[in-house]
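Novice: Task: produce atomic coordinates for the following.
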Amino acid sequence: MTLLAPGALVGLLLLAIPIVVHLFKPRNVRQTPFSSLRWLHLTQQRMARRIQWHQVLLFLLRATFLTLLVMALARPLIVPRGTTGSLDRAIVVDVSRSMGRQVEGRPRPIDSARELAVQTFERMQPGDRTAVLLTAAKTTVLVPWTTDAAPYLASLQSLEPVPTATNLDSSLETLRSLLNQRRADASVEVCFLTDNTSGSWTPGAIASFVAGLPQQGTVSLRLVDVGLPGVRNGWLASARLRETEAGLVLRVEATCAGDAPQPRTVYVAGLVGVQESSSAVTLQPGRPTTLELPLPASFDRSQSHARLRLEPADELPDDDELFVDLDTAGATRVLVVEPEGDDDSSRPGFPLRTALGALAATGAKAADYQISFSVPADVSAERIAAADIVLLVDVPGLTAAQSDSLIRRVREGAGAAVFLGPSVQTEVYNQRFTNRLQPAEGLLPSSLGSVVQVAPARGRLAAWGHFNARHPLLAGLLDPLIGDLALTQSRAYLGFIGDIPAADEVLAAFDDGTPILITRQVDAGRVVWFNASADDRWCDLPRRKSFVPLVDRLLAYLSASGSRRSFDCGEEVTLRLPNHVNDESVVVQTPSGKTLEPRVDTTPEGMLLKLDAPMEAGFYRVDSKRTAATPREETERPTGSGNENTALLSFVVQPSRAESAMGAIDTETLRSWWQPANFELLKPTSFDAVLDATESRLALEPWLMILAGLVFLAEMFLVHWLCPRINPALAASSGRRRGFVAPLRSRKGAPE
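Specialist: Numbers count the residues shown, from 1 in each chain. Modelled structure (predicted):
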């Protein structure tokens, strides 16, 4: 047995009250004159007192009543051997899009997680505290530490998935704060309710969390896998305009996951002057299927917002729709800057140029990118200003004018990627691309250090690891069946001076913590840093079969916030506004017709629109307040009606496709990441057993209160029985037998 509130035992001092009452209660002695004794001399009289049985019984009843009350306030609890009395349980509920998977005849993963969370609240024991976190791309606290579940049950019962990918790593930082508020005498338990999809975790984040677990007390980590077996899901991956000899076509790419081909139909609507069309397609598991839809010569893409849908709907319906702003579907201008060499094959950008050529040769990307090459000396400010993406490949350095032009172009919305290498002059990069007074405005997240040469140990170089597998740059490339990026090794790399800012993302790192891939947001633009060469002088990345898909992902990622204006649900939208717009004249119209007030920041390059994490998928319009439509007008406006031209600009928000394949993470790998913590991987039925074990604790508080009430009633009855004013039989008595109170019996000859 344990006491949840042992401090209440101080109340046992109240037992002194009945003791004082019984020992020092004044006795009123009534004096009666007696004639025959009136003339006797007064002598010192000594009254003999004897404690009678009913006084002892009253004392015991009153002392027992107080003792039971104090023990009830101390909240005693009978617990199984080897456990503590109180429990602090934190529940992390995954509410990402994969939790909305629908399989006929079975509950959705979000339904199972919601039911388990509600059961946990309903089966809380006295002394328990519970907190609930909701995790998708980010983590929010739904329920702080609480001992009263009632106010939060309605919120738990209404949980629904959001259209973002899972980032369970984000919950670990919040859990650190919660664990710092744990009670010293309580057991600590963390429960993750998730479908455990691949990419939900990264080993580096887990290792950091495990290393910071409290040393004192018991911390149990349980992951409850509520996922469904088997996968059958198809989705629309991309749609782009392409010019062919036969004319303009809309090239649609779709794929599926499962164990058999899936016959589906693709519908296209929203094209100005073109009726809704459909085409049958058979999706092959694990392979993209391309469909080309011809468009008429009179087609005007500047007014068309294409909406594509895949029917019939499947297990994960939100990725069966794709929104494409064809007004931004022109070719992206890519500028590749690399040093000169003796011949093309000796130049550091040769593998990168080969990869870009391979993408163009497939025909799928030929109309997507307009690629030009240059050496550093020939790069002018005008060429940088005209580029949508700038790739620097082992460039020793740029002049002040060139670097200023590049920084300005990135802040306006362009993308840049830098492949470091042996020719890089770190002092030039640190001088040109870091801003010590305003670090967020520099392209470089931290100053570059010296070159680290890796000495081969047992034939192994510095392995790439600690990947963020859910990031759009890496999603799918770490799967050993379709990619080999995880096998990449380096023989040299640059160190960094100082820590990488928390706002930047480290997508991969060496075992010593040195970053390999870093993404950075600079106003409206994006920058990606590769701590690796684009050829094989520092690493074997160009020899990997994942290199060409990685380059393709790189170009798409760098153009998303600039020329493409396409964002994932839950991602912050950052766009450069036209120069004539002021900071008080802009509103955003959502696909459903709601009006949002965005944040507008003033920068040297102009006005910057920022919208925090929109969750509604579809087309968004940025309007002036003077011309913005009402929600009713926006809802009634037909798609592709031509009124879109009144908008200052538009952008697209899509559900993330990162979890469309819905592959489950390997359980043994996950267990190894959590070592040496006390970690369990459970199914929902096993978690029920955990809750049953919690319920095996017996709280004695209500029983003690009931028993105290019975003792109080017994004491009241005894007092009532002994009180002459209340008990007529006692009032009629004229004497007491030893130890007893008896009514006066009539004696023979005695007057009645």
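Novice: would you list every one of the helices in the stretch 51-200 of the chain?
Specialist: 53-73, 109-122, 153-157, 169-179 (DSSP state H, counting those that start in this stretch).
Novice: Need the winner for burial among these.
Specialist: helix 109-122 (a mean of 20; mean count of other CB atoms under 10 Å). (Each C-beta comes from the backbone N, C-alpha and C, glycine too.)
Novice: Summarise which helices and strands it is packed against.
Specialist: strand 86-94, strand 129-135, helix 153-157, strand 186-194, helix 684-695 (3 or more CB pairs under 8 Å, 6 or more residues apart in numbering; DSSP states H and E).
Novice: could I get the ones you listed as JSON lines with mean pLDDT?
Specialist: Formatted as JSON lines, the helices and strands packed on helix 109-122 follow (pLDDT from 0 to 100):
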{"stretch": "strand 86-94", "mean pLDDT": "90"}
{"stretch": "strand 129-135", "mean pLDDT": "93"}
{"stretch": "helix 153-157", "mean pLDDT": "91"}
{"stretch": "strand 186-194", "mean pLDDT": "90"}
{"stretch": "helix 684-695", "mean pLDDT": "72"}
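Novice: Tell me who's in contact with residue 519.
Specialist: Contacts for residue 519 (CB atoms under 8 Å, 6 or more residues apart in numbering) come out as 471, 473, 504-505, 507, 526-529, 557.
Novice: Most neighbours out of those residues, which is it?
Specialist: residue 529 (29 neighbours; other CB atoms under 10 Å).
Novice: Kindly state the beta-bridge partners for that one.
Specialist: residue 418, residue 518 (DSSP bridges).
Novice: Do I have it right that it meets residue 516?
Specialist: No - the pair residue 529 / residue 516 is not scored as a contact, 9.0 Å apart, by CB atoms under 8 Å.
Novice: about what we covered before: between the helices of the stretch 51-200 of the chain, which one is nearest to residue 670?
Specialist: Taking CB to CB, helix 169-179 is the member of the helices of the stretch 51-200 of the chain nearest to residue 670, at 12.9 Å.
Novice: chain center to stretch 378-394: distance?
Specialist: 38 Å (CA atoms, centre = their mean, to the nearest Å).
Novice: For it, C-alpha coordinates in PDB please.
Specialist: The C-alpha coordinates for stretch 378-394 follow below in PDB (Å, rounded to 0.1, in the frame of the first residue of the first chain):
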ATOM      1  CA  ASP A 378      31.000  34.800 -67.100                       C
ATOM      2  CA  VAL A 379      28.200  35.000 -64.600                       C
ATOM      3  CA  SER A 380      26.600  38.400 -64.700                       C
ATOM      4  CA  ALA A 381      24.100  39.900 -62.400                       C
ATOM      5  CA  GLU A 382      21.600  39.900 -65.200                       C
ATOM      6  CA  ARG A 383      21.900  36.100 -65.800                       C
ATOM      7  CA  ILE A 384      21.400  35.500 -62.100                       C
ATOM      8  CA  ALA A 385      18.400  37.700 -62.000                       C
ATOM      9  CA  ALA A 386      16.900  35.800 -64.900                       C
ATOM     10  CA  ALA A 387      17.400  32.400 -63.400                       C
ATOM     11  CA  ASP A 388      14.800  30.500 -61.300                       C
ATOM     12  CA  ILE A 389      17.400  28.100 -59.900                       C
ATOM     13  CA  VAL A 390      21.100  28.600 -59.500                       C
ATOM     14  CA  LEU A 391      23.400  25.600 -59.000                       C
ATOM     15  CA  LEU A 392      27.000  26.200 -57.800                       C
ATOM     16  CA  VAL A 393      29.200  23.200 -58.400                       C
ATOM     17  CA  ASP A 394      32.600  23.400 -56.600                       C
END
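Novice: shift numbering so it begins at 80
Specialist: Will do, 80 is the new start, and the previous item becomes stretch 457-473.
Novice: Which positions within it qualify as buried?
Specialist: Applying a neighbour-count criterion of 16 or more other CB atoms under 10 Å, one finds 458, 462-463, 466-473 buried in stretch 457-473.
Novice: same question, stretch 301-317
Specialist: Those would be 301-307, 310-315, 317, for stretch 301-317 by 16+ other CB under 10 Å.
Novice: What is the nearest of those to residue 374?
Specialist: Distances from residue 374 to the buried residues of stretch 301-317, taken by CB to CB, are shortest for residue 317, at 16.6 Å.
Novice: returning to that earlier point: okay if I get the buried residues of stretch 457-473 as JSON lines plus secondary structure, distance to residue 449 and pLDDT?
Specialist: Listed next are the buried residues of stretch 457-473 as JSON lines, based on DSSP: H, G, I helix; E, B strand; the rest coil; distance: CB to CB, whole Å; pLDDT from 0 to 100:
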{"residue": "458", "secondary structure": "coil", "distance to residue 449": "16", "pLDDT": "92"}
{"residue": "462", "secondary structure": "helix", "distance to residue 449": "13", "pLDDT": "92"}
{"residue": "463", "secondary structure": "helix", "distance to residue 449": "15", "pLDDT": "93"}
{"residue": "466", "secondary structure": "coil", "distance to residue 449": "10", "pLDDT": "92"}
{"residue": "467", "secondary structure": "coil", "distance to residue 449": "9", "pLDDT": "91"}
{"residue": "468", "secondary structure": "strand", "distance to residue 449": "10", "pLDDT": "93"}
{"residue": "469", "secondary structure": "strand", "distance to residue 449": "13", "pLDDT": "95"}
{"residue": "470", "secondary structure": "strand", "distance to residue 449": "13", "pLDDT": "95"}
{"residue": "471", "secondary structure": "strand", "distance to residue 449": "18", "pLDDT": "95"}
{"residue": "472", "secondary structure": "strand", "distance to residue 449": "18", "pLDDT": "95"}
{"residue": "473", "secondary structure": "coil", "distance to residue 449": "23", "pLDDT": "94"}
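Novice: coming back round to it: okay if I get the helices and strands packed on helix 188-201 as TSV plus distance to residue 382?
Specialist: TSV is the format used below for the helices and strands packed on helix 188-201 (distance: least, CB to CB, whole Å):
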stretch	distance to residue 382
strand 165-173	40
strand 208-214	40
helix 232-236	43
strand 265-273	43
helix 763-774	51
